[in-house]
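K.L.:
I need the structure of the sequence given here:
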Amino acid sequence: MTIQVYFSACRLESWLSWVFNFALGSIIFTFPPVERFIPLFLAFASATASIFVINQYFDREADKHNRVKSTLPVASERMTPRDSLIFSSLLGFSCIALVLLTDVQLLPRFAAYLALCTAYSAPIPNFKSIPVLDFTVSGVGAGFLPFYMGLGTADRLDLGIWSILLIAVPLMLFQSGGHIIQAVGDYEADRDFGLKTFAVKYGPRRATTLAGLFFLSALISPFIYLCLGLLAPIHLVLAAVVLPLSLPVIRRFMALYREPTENNAANLKKTARNTGIFALIITWTYVLVVKAL
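P.N.:
This is a model prediction of the structure:
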C-alpha cells in the first residue's frame with residue numbers, strides 16, 4: 001500500500017473549514033507562541049485525520065453503495081479495514097502524545113473532539129443515523145470544538161462561555177448547514193442502505209430548507225451582534241467584502257432547493273469549496289491585520 005493511499009484516507013481536502021475554525025480560535029483574542037501553536041496544530045491535524053479514517057472504517061459498507069464515497073480507500077478496498085483501524089489509532093495516539101507534551105490542561109478538549117466525532121459513525125451511539133442529532137453533533141464537532149481547541153493554543157483558558165459562543169455559534173451554524181447539504185447529496189444511498197439521517201426522515205426538500213435557514217442565520221449574525229452593541233461597526237467592512245463571494249453559492253443553493261438531487265448537491269459543495277477558500281483567507285487575514293494594529 002502506497003503513501004498516497006494513506007494521504008487519501010485522511011481526506012485532507014475536506015478539512016478546510018475545520019482548519020479555519022481552529023486557526024481562528026488561535027488568533028482571535030491574541031497571537032499564540034509559535035512553540036505552542038505548532039505542536040498543538042499537529043495534534044489537531046492528527047486527531048482530524050484519525051476521525052476521517054475511523055469513520056471510513058465504520059461506514060465502509062454504506063460507502064460502497066454511495067457513488068462518490070465508493071472511491072474512498074476503505075470502501076474501494078485499497079486499504080483494508082484492519083489497516084485503517086491501526087492507522088487511525090496511531091494518529092489518535094500521536095494527537096494525545098503531542099497534547100500531553102505541550103499542555104496537559106488541553107487534554108479534555110482534544111479527547112472530547114476525538115470521542116464525539118468518532119461516535120458520529122460508530123455503531124453505538126451512531127449519531128449519524130439519529131435525525132437532528134446528526135447535524136447538531138456535526139456543528140459541535142466541526143464548528144465549536146476546533147475553535148475551542150484553537151483558543152487553547154493561545155493559552156486563553158480564562159474566557160467565559162458567552163465570549164466563546166458569540167463567535168462559535170455562526171461557525172456551528174455553517175457546519176450544521178454543510179452537513180445537511182452533504183446528507184441531501186447522500187439521500188438516495190443512505191435511504192437505500194437504511195440510514196435514518198435528517199434528510200432521509202424528513203425529505204431532501206425540508207432538509208435543504210433547514211440548511212438554508214442555518215446559513216442565513218450565520219450570515220446575518222454580525223448584523224444582529226451590531227444591533228445588540230456586541231460588534232463594532234468597523235467590522236462590517238469584512239462582511240461587505242465577503243458577502244459578494246457568496247453570490248455563486250446562493251445560485252447553486254437555489255438550484256438545489258428547486259431540485260434536491262445528488263448532482264446539484266455536489267455542484268453546491270464544489271462551488272462553496274472554491275469560493276470558500278477565498279472567503280476564509282480574507283477573513284483570517286482581516287483578523288490578523290486587526291490584531292496587529
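K.L.:
and residue 241, its phi and psi?
P.N.:
phi -80, psi -40 (degrees, to the nearest 10).
K.L.:
whoops, residue 29 was the one
P.N.:
phi -110, psi -30.
K.L.:
that one and residue 152 touch, don't they?
P.N.:
No. Assessed by CB atoms under 8 Å, residue 29 is found out of contact with residue 152, at 11.6 Å. In this view, the C-beta of every residue, glycine as well, is placed from N, C-alpha and C.
K.L.:
neighbour count winner among those two?
P.N.:
A count of neighbours by other CB atoms under 10 Å puts residue 152 above the other of residue 29 and residue 152, at 25 against 16.
K.L.:
setting the sequence-adjacent residues aside, check what's closest to the more buried one.
P.N.:
Of all residues not flanking residue 152 in the chain, residue 106 sits nearest, at 4.4 Å (CB to CB, 6 or more residues apart in numbering).
K.L.:
how about residue 92?
P.N.:
residue 50 (4.2 Å).
K.L.:
before we move on, what about residue 176?
P.N.:
Distances taken as CB to CB, 6+ apart place residue 139 nearest to residue 176, at 3.7 Å, with adjacent residues excluded.
K.L.:
also residue 222?
P.N.:
Nearest non-adjacent residue to residue 222, counting by CB to CB, 6+ apart: residue 239, 5.4 Å away.
K.L.:
kindly report the same for residue 94.
P.N.:
Ranked by CB to CB, 6+ apart and with sequence neighbours excluded, the top spatial neighbour of residue 94 is residue 46, at 4.4 Å.
K.L.:
and the one you found, how many neighbours?
P.N.:
By other CB under 10 Å, the residues close to residue 46 number 23.
K.L.:
go ahead and confirm it touches residue 87.
P.N.:
No. At 11.1 Å, residue 46 does not count as touching residue 87 under the criterion of CB under 8 Å.
K.L.:
contacting residues around stretch 101-110?
P.N.:
Applying CB atoms under 8 Å, 6 or more residues apart in numbering, the contact partners of stretch 101-110 are 36, 39-40, 43-44, 47, 95-96, 99-100, 145, 148-149, 152, 155, 157.
K.L.:
so which bits of it are buried?
P.N.:
By 16 or more other CB atoms under 10 Å, the buried positions in stretch 101-110 come out as 102, 103, 106, 107, 109, 110.
K.L.:
nearest to residue 223 among those?
P.N.:
Nearest to residue 223 among the buried residues of stretch 101-110: residue 109, at 30.5 Å, using CB to CB.
K.L.:
would you list every one of the strands in the stretch 151-293 of the chain?
P.N.:
Ranges of strands within the stretch 151-293 of the chain: none, based on DSSP state E, counting those that start in this stretch.
K.L.:
shaky segments in it?
P.N.:
For the stretch 151-293 of the chain, the stretches with pLDDT under 70 are 156-159, 230, 291-293.
K.L.:
contacting residues around the closest residue to residue 221 other than its chain neighbours?
P.N.:
Nearest residue to residue 221 in three dimensions, chain neighbours excluded: residue 170, at 4.6 Å (CB to CB, 6+ apart). By CB under 8 Å, 6+ apart, the residues touching residue 170 are 217, 218, 221, 222.
K.L.:
what's the farthest-apart pair in the residues you listed?
P.N.:
Distances among the contacts of residue 170 were taken as CB to CB; the most separated pair is 217 and 222, at 11.2 Å.
K.L.:
of the contacts of residue 170, closest to residue 82?
P.N.:
Nearest to residue 82 among the contacts of residue 170: residue 218, at 40.3 Å, using CB to CB.
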